[in-house]
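In: Predicted structure and sequence below. I'll ask about it afterward.
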Amino acid sequence: MPRLTEEIRSMIGIETEVQRCCDVVERGAVRRYAQAVMDPDPIYMDPEYAASTRYRTPVAPPLFPSAMLRLPFGAQDLLHERANDPDFDGVVGSSSFGLPPLPLVGSPIVNGGTEVEFIRYVNHGEEIFLIARYKGITERETMSGWAIFVQYECDFIDRDSHLVLRYRRVQIRR
């Protein structure tokens, strides 16, 4: 039975305001991220090495901006606060990029894939911002029944509004 309502369809194209990532690109966070992805390239941490490259300064790994969506210190943890709410689907600001939730109660979420377009490295100390949007919402019948495919697009931009990374994700809702 189809579930894509006009209310949900009307959310296509909704875009967030420009949001500042809670921290600047910080050396310690870059180190931990590079260690986590097991990429020991000295361009991330060694200022002398970086000075000999075209970047002139240490940079963060290519996908680092997508990991900058963290709660500010002291912010409310919605997962903890809503743990006993039977209608809470686990979608919080960092997983929906700050977009308003879709009116789908009791709708399990499956990852339908991610695509990243890398534009440029970000520098230590740089502020990064993001703008997210519902790029598309479609529905179709699958072998498992009806499913709604939600396409998110998130642009990570620098202080001058230049694109540094575009992140696209498909979420499958049943």
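Out: Now that the structure is in, tell me what you want to look at.

In: C-alpha from now on. contacts and neighbour counts both.
Out: Noted.

In: what's the weakest-modelled helix or strand in the protein?
Out: Least confident helix or strand of the chain, by mean pLDDT, DSSP states H and E, is helix 93-96 with a mean of 56.

In: Mind listing the strands whichever helix or strand comes after that helix pairs with, and their directions?
Out: Using DSSP states H and E, the helix or strand that follows helix 93-96 towards the C-terminus is strand 109-118. Strand 109-118 pairs in its sheet with strand 163-173 (antiparallel), by DSSP bridges.

In: chain center to the partner strand: distance?
Out: 7 Å (C-alpha atoms, centre = their mean, to the nearest Å).

In: before we move on, what about stretch 143-150?
Out: Its chain's average C-alpha position is 23 Å from that of stretch 143-150, according to C-alpha atoms, centre = their mean.

In: Counting neighbours, which bits of it end up buried?
Out: Of all the residues in stretch 143-150, those buried under the rule 16 or more other C-alpha atoms under 10 Å are 146-150.

In: for the chain, what's the longest helix?
Out: Ranked by residue count and defined by DSSP state H, the top helix of the chain is helix 27-36.

In: in it, what counts as buried?
Out: Quick answer for helix 27-36 (16+ other C-alpha under 10 Å): 27, 29-31, 33-34.

In: phi, psi of the residue sitting nearest the centre point of the chain?
Out: The geometric centre of the chain, computed from its C-alpha atoms, lies nearest to Ser66 (C-alpha atoms, centre = their mean), at 5.2 Å. Ser66 adopts backbone torsions of phi -70, psi -10, taken as degrees, to the nearest 10.

In: For it, give me its contacts.
Out: 156, 167 (C-alpha atoms under 8 Å, 6 or more residues apart in numbering).

In: Can you tell me how far the residue nearest to Val30 when sequence neighbours are not counted is from Arg3?
Out: Closest residue in space to Val30, ignoring its immediate chain neighbours: Ala60 at 5.7 Å, by C-alpha to C-alpha, 6 or more residues apart in numbering. Ala60 sits at a distance of 42 Å from Arg3 (criterion: C-alpha to C-alpha, to the nearest Å).

In: which one of the two has more residues nearby?
Out: Applying other C-alpha atoms under 10 Å to Ala60 and Arg3 shows that Ala60 carries more neighbours, namely 23 against 14.

In: Any stretches of the chain with poor pLDDT?
Out: Applying pLDDT under 70 to the chain flags the ranges 1-2, 70-73, 75, 77-79, 82, 87-96.

In: could you pull out the strands for it?
Out: 19-20, 109-118, 129-142, 145-157, 163-173 (DSSP state E).
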